[in-house]
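K.L.:
Compute the structure for the input listed below.
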Amino acid sequence: MTEHFPLPSILLVGCGKMGGAMLEGWLKAGLAPSVIIDRHLADLPAPHKVVQSIQDVPASFTPDIIIVAVKPQKANPVLAELAQRFGQATLLSVMAGRTIASLHATCVQANPQANPVIIRSMPNTPCALGAGMSGLYAPPHATVEQKSQCNALLSAVGETVWVAEEELIDSVAAISGSGPAYVFLMAELLEKAGVEQGLPAAVARKLARGTLYGAGCMLHTLPTDAEELRRNVTSPGGTTAEALKVMMAPQAWPATTSAAIAAAVHRARELAS
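P.N.:
This is a model prediction of the structure:
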């Protein structure tokens, strides 16, 4: 889905690591006049406004999209306040685990007249650099315009994919939402191993980060499968092959990676309850 219209106005509720990363990218991309609710964020340049609470949102402000970027466990009071003020709004949730049904029920409990359209998304922190990867799901009753506005926001800070079933958002969260942490862990481990093999810390750091960046660029740019790219680097009997014997042993990376992703999906579904 490719969009060509300007970014919509937003009410961003929560400006922590994820909300802040998206906001940073949106400000660079030309966000329409918007309001951000956060107790710790400094003022933003006009025409944007930072307020402390939903009650402080100017009465004249009606956002195109409300983005809920608070912790899932803390969402209910926020949703209740939003339902009383913006009962018919389009909500874009970036919370792991919380289903559309549970979010809608919380809104209706607070305001029986509320009927928000809720779209779920799972972005990641590279959004701050315009290199995000976001998955989205929209219920069947969401309009083309509502989906387009949400897609425009997340396309402005990276790439997007849409999934056909809501439960697949949990898989998106485990792969790309949490994925940067896995890459950062790899950088940590490569640096540590380099130091263990005698490299100065600064050299090990530069080698690890530069290698991950270069490999990521190849994966992003080339149509070649990751498996083939790996094989292209792996000369039979060479140093890479020896390292991969350890990493690809049945109980090493193949098993632990699958187990790690399954654990993340399981946790997302725990949060739903």
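
K.L.:
farthest residue from the center of the chain?
P.N.:
Relative to the centre of the chain, the most outlying C-alpha is that of G237, 39.9 Å out, by CA atoms, centre = their mean.

K.L.:
quick one: the helices in the protein?
P.N.:
When assigned using DSSP state H, the helices of the chain occupy the ranges 17-29, 75-85, 100-110, 144-155, 168-172, 179-196, 201-221, 226-233, 239-247, 253-272.

K.L.:
now those as JSON lines including distance to A46, mean pLDDT and mean neighbour count?
P.N.:
Backbone N, C-alpha and C define where each C-beta goes, glycine included. Converted to JSON lines, the helices of the chain look like this (distance: least, CB to CB, whole Å; pLDDT from 0 to 100; neighbours: other CB atoms under 10 Å):
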{"stretch": "helix 17-29", "distance to A46": "12", "mean pLDDT": "90", "mean neighbour count": "20"}
{"stretch": "helix 75-85", "distance to A46": "23", "mean pLDDT": "95", "mean neighbour count": "19"}
{"stretch": "helix 100-110", "distance to A46": "31", "mean pLDDT": "96", "mean neighbour count": "17"}
{"stretch": "helix 144-155", "distance to A46": "20", "mean pLDDT": "95", "mean neighbour count": "20"}
{"stretch": "helix 168-172", "distance to A46": "35", "mean pLDDT": "95", "mean neighbour count": "22"}
{"stretch": "helix 179-196", "distance to A46": "32", "mean pLDDT": "98", "mean neighbour count": "14"}
{"stretch": "helix 201-221", "distance to A46": "36", "mean pLDDT": "97", "mean neighbour count": "13"}
{"stretch": "helix 226-233", "distance to A46": "45", "mean pLDDT": "97", "mean neighbour count": "11"}
{"stretch": "helix 239-247", "distance to A46": "52", "mean pLDDT": "97", "mean neighbour count": "11"}
{"stretch": "helix 253-272", "distance to A46": "37", "mean pLDDT": "92", "mean neighbour count": "14"}
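
K.L.:
got the phi/psi numbers for the residue farthest from the centre of the chain?
P.N.:
phi 80, psi 0 (degrees, to the nearest 10).

K.L.:
cool, S60 as well?
P.N.:
For S60, the backbone dihedrals are phi -80, psi -10 (criterion: degrees, to the nearest 10).

K.L.:
And the pLDDT at it?
P.N.:
S60 carries a pLDDT value of 93.

K.L.:
Likewise for A96?
P.N.:
Reading off the per-residue confidence, A96 sits at a pLDDT of 87.

K.L.:
correct me, but it touches S121?
P.N.:
No. In this structure, A96 sits apart from S121 without contact. The criterion is CB atoms under 8 Å, and the distance is 10.6 Å.

K.L.:
burial of P47, as a residue count?
P.N.:
Here the neighbour count serves as a burial measure; for P47 (other CB atoms under 10 Å) it reads 10.

K.L.:
How about the contacts made by it?
P.N.:
P33 (CB atoms under 8 Å, 6 or more residues apart in numbering).

K.L.:
mind checking how far it is from L41?
P.N.:
16 Å (CB to CB, to the nearest Å).

K.L.:
go on, A32?
P.N.:
A32 sits at a distance of 18 Å from L41 (criterion: CB to CB).

K.L.:
Could you do G210 as well?
P.N.:
Distance from G210 to L41, counting by CB to CB: 33 Å.

K.L.:
again with K71
P.N.:
16 Å.

K.L.:
ok so, going back, nearest to W162, of the helices of the chain?
P.N.:
Taking CB to CB, helix 144-155 is the member of the helices of the chain nearest to W162, at 7.8 Å.

K.L.:
Could you list the residues in contact with that closest one?
P.N.:
Outside of helix 144-155, the residues that reach it under the criterion CB under 8 Å, 6+ apart are 1-3, 5-8, 10, 22, 26, 64-65, 67, 90, 92, 117, 119, 121, 123, 127, 132, 134, 136, 138, 160, 162.

K.L.:
Out of those, which end up buried?
P.N.:
The neighbour-count test (16 or more other CB atoms under 10 Å) marks 3, 7-8, 10, 22, 26, 64-65, 67, 90, 92, 117, 119, 121, 123, 127, 132, 134, 136, 138, 160, 162 as buried among the contacts of helix 144-155.
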